[in-house]
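# Sequence first, then the predicted structure, then my questions.
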Amino acid sequence: MKEKRSNESFFRRLTRHQLFIPVAALLALVLFNLIADPSFFAISLKENSLGNPVLSGNIISVLDNASELVLLAIGMTLVTASSGGQDISVGATMAIAGSVILRLVCGGQVSADTMQAPLFLAVLAGIVVTMAFGAFNGALVAYFKIQPMVATLIMFTAGRSIAAWINNNQLPFINDVAFKYAGTFLPGIPVPTPVFITLFMILVFWLVLKFTNLGLYTQAVGINANSSRLNGLDPKKIKLLTYVILGACVAIAGFIRVSRSGSINYSRIAENIEMDAILAVALGGNSLGGGKFNVYGSILGAYVIQFLTTTLYKYNVPSTALPAYKAVVVILLVVLSAPVVREKLSRMKKSSAKTAKEVA
Amino acid sequence: MQEGALLEMRGICKYFPGVRALQDVDFTLRAGEIHALMGENGAGKSTLIKCLTGVYPKDEGEIYMAGHDKAVTIRSPQDAQNIGISTVYQEITLCPNLTVAENMYIGRTKDSFTNWRKMNQGAGKILKDLGIPAAPNQQLSNCSIAVQQMVAIARAVDMDCKVLILDEPTSSLDEQEVQKLFGLMRDLKAKGVGIIFVTHFLEQVYEVCDRITVLRDGQLVGEYVIEDMPRVLLVSKMLGKDLDDMADIKSESGATADMSGTPVLEAKDLSSNAGIKPFDFSIHKGEVNGFTGLLGSGRSECVRAIFGADRVTGGTVKMDGKDVKIHKPLDAMKSGIGYLPEDRKGDGIVGDLSVRENIILALQVMKGFFRPFSRAQAEKFADEYIKKLEIKTASSDTPINSLSGGNQQKCIVARWLLTDPKYLILDEPTRGIDIGTKIEIQKLVLQLAAEGKSVTFISSEIDEMLRTCSRLIVMRDRKAVGELSGEDLTQSKIMATIAGGDKQ
Amino acid sequence: MKKILAIALALAMVLSLGAVAFAADGDLIKVGIINNDPNESGYRTANDAAMRATFTEENGYEATFYNNNDAAQQIATAQQMIQDEVDFLLLSPGSTTGWDTVLQDAADAGTQIILFDRMLEADESAYVAAVVSDMAAEGETAVTWLEEQGLDEYNIIHIQGHMGSDAQLGRTGALDEKVEAEDNWNYVTQQTADWNEETARTIVQSVIDSGEEFNVIYAENNGMARGAVAALDANGITHGKDGDVIVIGFDSDKWAMESVLNGEWNYMGLCNPMQAEKVDQIIKDLMEGVEPEEKIIYSDEPGFDCETITQEDVDTFGT
């Protein structure tokens, strides 16, 4: 009897755990690929055109291509938690970051064969600029109390034009191998560099969450701003801070994206990525209404989305049809996280556990 | 079913994971009676009501209604309504931006089109019959909370309800409004409606009810006729133990304030943007004082000004004789002031966060952004106060909003005790919580004073203030109009001061 | 006070009427130019820049520009321009259909329409001239060139542009026909990357990951070809002159032509964005009363092979 109860609560806890959905989704995708074609998981060691050893395979592609999305998902999680809304301008501000970086490394020329400015400085400038735009968004949300989606609609609309304006409507292109290290491979290292950048950023966030009160403050403000204020917090500053942090994430994501090819296309770069970032946050079991968050859930969510995309490419699903598949995921997600369904689900498991016991 | 019974619940059981919320509870309601459902928070009152109204499915037991041969099945609030059970909740669940009439008829008409004139006429008639001072086409948000509550009742009554459940309807009403509500309840009783009245206020129970059913720890203690049930006995039934002599808690605590030295806090001509007139205030080491006055008289605004919760517009504050500038709550906290706000849900708890996080929040903020407590340290703090204040929670990891009101309030008290303040402001710490916790909090206040802390205690219940405070500042119309201490601290004297000088 | 306001308003109206009359009487030819978003691609950037450089006041034009990829927005703006009584409406339609009302309005108002770069579905009488690229011919040229390479087997990764656009339809059509007709021509995959370089990279990487063999990448613009090449490079697959994989791109980007010149790519089909000069000439002729000899004027659009391309070609055609 006692055993049965703990059994029930285990299932219940499982279905109620925040990471249940992303983990289940990931397992479902892995299972599907294992059954449909196990070669999906094959990884081979090759040599790239520069003579470097590189790993290649679908799994590597997932880890590599999810990088930008993971970074955005981290920042988006914080913004969602503190302000109960989402920043829909991340794609556009990624274009701005990319544009700033390319302008500096190309030295204002349309194309360059070597970097005209230190890469470090260019990236730093990109970070500063997008953090400023983040602060702009954050100020609108926190101090002018505009709904996040409306506030960021401004940059969503204007961002790509600003990005084009930064480079005088030219599409700059850099041919320096060193610039592309960040988006491709470092000499002698067979794992794509974006994977390392992403891991590094996840580590940074882990440390930040561990050694500062960012997590506690953000959640407190998102759950109850009044109460937070009466406990000595400044909810406005904290909201602003989360948007600025998202700005930094955007810059690094933008840097990775432009250094994959050394070029930019303002209207196409990171198109619709904001929707994927929001989806990642939701997939991670976070409430889009703000409050409590689990940033690792969002990160997992981002990888799940990329896993899905890569799987669909493998089966030759037209890239224009991808959004439809994502929509199916969204529907499943929304339905699964509805309290009614969760209640049913856990009850179903309860009764199945019961019958199993009875049979035994 | 029993003779004359309107509603009978037999052997109701309800389980939540790990908890037996209701165990074999019986409840009988007769036509034309007002029946109080009493018990401490967590005794199972709300659960029983929710099982009755179909919000929760009951796990075992039967519900019978007069006029139905067999046990009725209630799967949703709609089912409950259809068989004549209506509920009015503590929080107004109407739409503030619609008119009174719209609120009374919303979601009830089967037709696709609404005859506005007819609707307003119908609403007007009911309002008049029940003596509710509201016009049908008035926007609901323009009515006072009491009238809104009455509109909710009118809506229920008009739906032909036989059983009316009032869940804590009086907690946000002032005395006059309560009397109006009671008048309405008596009218309905005369019309044969059975009313289930859930409340924490003993006085109100004795004023208006015919019978009392007491629950404790999910079990039925008993059903009593009101005349046979002295108050003290009722309280001891609810608590399941004999009550300390409440009148004596002050003397036994041994609190003695040192009124001669420099005040711990002294405010001069303090005013804020919340519309409070400049007031003076001081408190000494080991003193417990309080603000009293009617709801809206400015009691809370005064302490909010001291804490910097509203924007201070003028005046000076000295602590231990030294000038301090308090522009925002953090300034006050750093000067050693703690503040438990009046609105526990809106300003106090941080709902989804754990008990632990709620307890350490204020101290953590004072410590700084870059210096978080380690998990172990935070747990130590939380466990210490969970034990000290006897907070009933599964663990320190439990989200605070799954605790009962009294335990939530204890967490907020713990939060401020943890910051070790010199001066603690408790604004309505006992509102909406069970009697046991109320007494615990009052005792705690006196104990703190004995330890040399200063406490300002505000409560709507004057007995509580009398029991704890040695000095009372009386507020009227956002202005301090008097100060009472020593021999003057009597119920009648306070009433007279609140009412104003033009009497007797 | 009201009187003064009324007088001021009346005065303003008279003045503005005068201004309009003056403009109409002046030598400037009033043109409305509706183009696609210059950020869409390098091709479009060059095209838009050329239009802006040509239709200037110094050159005798009073020009209003509008850029948008959304045909509905373009149509609304076109109607506005007709109401503003432009003399010529220069149009690069975002979609080939939906323009009937605009054409009718223009006819009623006496506004002459000249299409550039892209066609729309209408009777020839609806416009005075069309200076466009023959997308189908571009595709034919490229496919013919590919056939001349004489591979034993053609295993093609076909990366398409925005589905339904003039360029996509023309460039896909020629290849589809050939693959249908020949047994040794196969698609490894046929996917749209929606003109997006990053998507193209992902598509090619996906094919590589799945281990399928291919020896041709036919990308419908240069950006997508560059994305594809990034994926090849990352996996150490050789391409271009003497490489394992033939790379084909389209449009007119200078960097792409340089890639062909230095042998990284094999072929680029030119899509000439420089219609501005020709359109300018047609308008000037029309003002003199000279009708263009042909309604539809196709730009000269050769393909460039890495074996034969010269620096001179790059300088002449690269943008």
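Everything's here; your move. Fair warning: this is a prediction, and the values are worked out from it, not measured in the lab.
# And stretch B:264-283, end to end?
End-to-end distance for stretch B:264-283: 6 Å, by C-alpha to C-alpha, to the nearest Å.
# repeat for stretch A:44-59
Using C-alpha to C-alpha, the end-to-end distance of stretch A:44-59 comes to 11 Å.
# swap in stretch B:272-281?
14 Å.
# C-terminal to the worst-scoring helix or strand of chain B on mean pLDDT, what's the next element?
When the helices and strands of chain B are scored by mean pLDDT, DSSP states H and E, helix B:249-253 comes last with a mean of 52. As assigned by DSSP states H and E, the chain's next helix or strand after helix B:249-253 is strand B:265-272.
# Pull out the buried residues from the helix or strand just after that following strand.
Counting by DSSP H and E, the element after strand B:265-272 in chain order, helix or strand, is strand B:276-283. In terms of neighbour count (16 or more other C-beta atoms under 10 Å in any protein chain shown), strand B:276-283 has its buried residues at B:276, B:278-279, B:281-283. The C-beta positions use only the backbone N, C-alpha and C, and glycine is treated the same way.
# What average pLDDT does the helix or strand just after strand B:276-283 get?
Scanning forward in sequence from strand B:276-283 by DSSP H and E, the next helix or strand is strand B:288-292. Strand B:288-292 comes out with an average pLDDT of 90.
# Tell me which residues are up against the following helix or strand past strand B:288-292.
Using DSSP H and E, the helix or strand that follows strand B:288-292 towards the C-terminus is helix B:299-307. Contact with helix B:299-307 is made by A:230, B:265, B:267, B:270-272, B:274-276, B:279, B:281, B:291-293, B:310, B:312, B:315, B:317, B:326, B:329, B:332, B:337, B:339, B:341-342, B:425, B:427-428, B:456, B:458, B:473, B:475, B:478, B:480, as judged by C-beta atoms under 8 Å, 6 or more residues apart in numbering or on different chains.
# and the closest residue to residue B:388 other than its chain neighbours, how many neighbours does it have?
Leaving aside its chain neighbours, residue B:388 sits nearest to residue B:414 (7.5 Å; criterion: C-beta to C-beta, 6 or more residues apart in numbering or on different chains). Residue B:414: 22 surrounding residues under other C-beta atoms under 10 Å in any protein chain shown.
# In contact with residue B:414, which residues?
Going by C-beta under 8 Å, 6+ apart, residue B:414 touches B:359, B:382, B:385-386, B:388-389, B:391.
# 10 Å - rerun?
Counting by C-beta atoms under 10 Å, 6 or more residues apart in numbering or on different chains, residue B:414 touches B:355, B:358-360, B:362, B:381-382, B:384-386, B:388-389, B:391.
# Buried ones from those residues, can you make that a ChimeraX selection?
To isolate the buried members of those in ChimeraX, using 16+ other C-beta under 10 Å:
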select /B:355,358,359,360,362,381,382,385,386,389,391
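# now, among the contacts of residue B:414, which is nearest to chain A?
Closest approach to chain A among these (C-beta to the nearest C-beta): residue B:362, at 4.7 Å.
# name the element the closest one belongs to?
helix B:355-367.
# what's the following helix or strand after that helix?
Downstream of helix B:355-367 (by DSSP H and E), the next one is helix B:375-388.
# Give me the mean pLDDT for the helix or strand that comes right after that next one.
Next helix or strand after helix B:375-388 toward the C-terminus (DSSP H and E): helix B:405-418. In this model, helix B:405-418 has an average pLDDT of 92.
# Give me the sheet partners of the following helix or strand past helix B:405-418 and which way each runs.
Reading on from helix B:405-418 to the C-terminus, the next helix or strand found by DSSP H and E is strand B:423-427. Using DSSP bridges, the strands paired with strand B:423-427 in its sheet are strand B:337-340 (parallel), strand B:454-458 (parallel).
# quick one, phi psi at the residue nearest the centre of chain C?
The centre of chain C sits closest to residue C:117, judged by C-alpha atoms, centre = their mean, with a distance of 5.0 Å. Dihedral pair for residue C:117: phi 70, psi -50, per degrees, to the nearest 10.
# OK, contacts around the nearest residue to it once chain neighbours are set aside?
In space, and not counting its chain neighbours, residue C:117 is closest to residue C:92: 4.4 Å by C-beta to C-beta, 6+ apart. With contact set as C-beta under 10 Å, 6+ apart, residue C:92 has these partners: C:33-36, C:44, C:47-48, C:51, C:67, C:74, C:115-120, C:132, C:166, C:275.
# Sitting in helices, which of those do you find?
C:44, C:47-48, C:51, C:74, C:166 (DSSP state H).
# Among those residues, name the ones that also lie close to chain A.
C:44, C:48 (C-beta under 10 Å from any C-beta of the partner chain).
# Closest to chain A out of the ones in helices among the contacts of residue C:92?
Distances from chain A to the ones in helices among the contacts of residue C:92, taken by C-beta to the nearest C-beta, are shortest for residue C:48, at 7.9 Å.
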